[in-house]
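> my questions concern the predicted model and sequence given below.
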Amino acid sequence: MIIGEAVKERILELCRDRDITINKLCTMSGVTQSTVNNIVSGRNRSVTISTIKKLCDGLDMPIEEFFRSDLFRGLEQEIK
């Protein structure tokens, strides 16, 4: 798995765990619907740390917790 896929899966996982929609996450975090839709659809695979931080702020969680997931273990090499 590459980082973009892991971020996408982590966002979806957090929404499921908290029983919120992507739309609700956008409202809570101030990140535009189009940005989050592009991430979860796979159209944007290079999400910025700033965007992840905003999502974390909306979820009231530290950014370290976002990355504390097995999804981020053993990621593929990005440079090929």
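Yep, that arrived.
> which helices and strands does the helix or strand where residue 64 lies pack with?
Using DSSP states H and E, residue 64 falls within helix 63-67. Helix 63-67 sits against helix 49-58, with contacts defined as 3 or more Cβ pairs under 8 Å, 6 or more residues apart in numbering; DSSP states H and E. For glycine as for every other residue, the C-beta is placed from the backbone atoms N, C-alpha and C.
> need the contact partners of the helix it packs on.
Defining contact as Cβ atoms under 8 Å, 6 or more residues apart in numbering, one finds that helix 49-58 is touched by 7, 11, 25, 27-31, 35-36, 39, 62-63, 65-66.
> and for residue 4, the neighbour number?
17 (other Cβ atoms under 10 Å).
> what sits closest to it if chain neighbours are left out?
Nearest in space to residue 4, with sequence neighbours left out and distances taken as Cβ to Cβ, 6 or more residues apart in numbering, is residue 45 at 2.9 Å.
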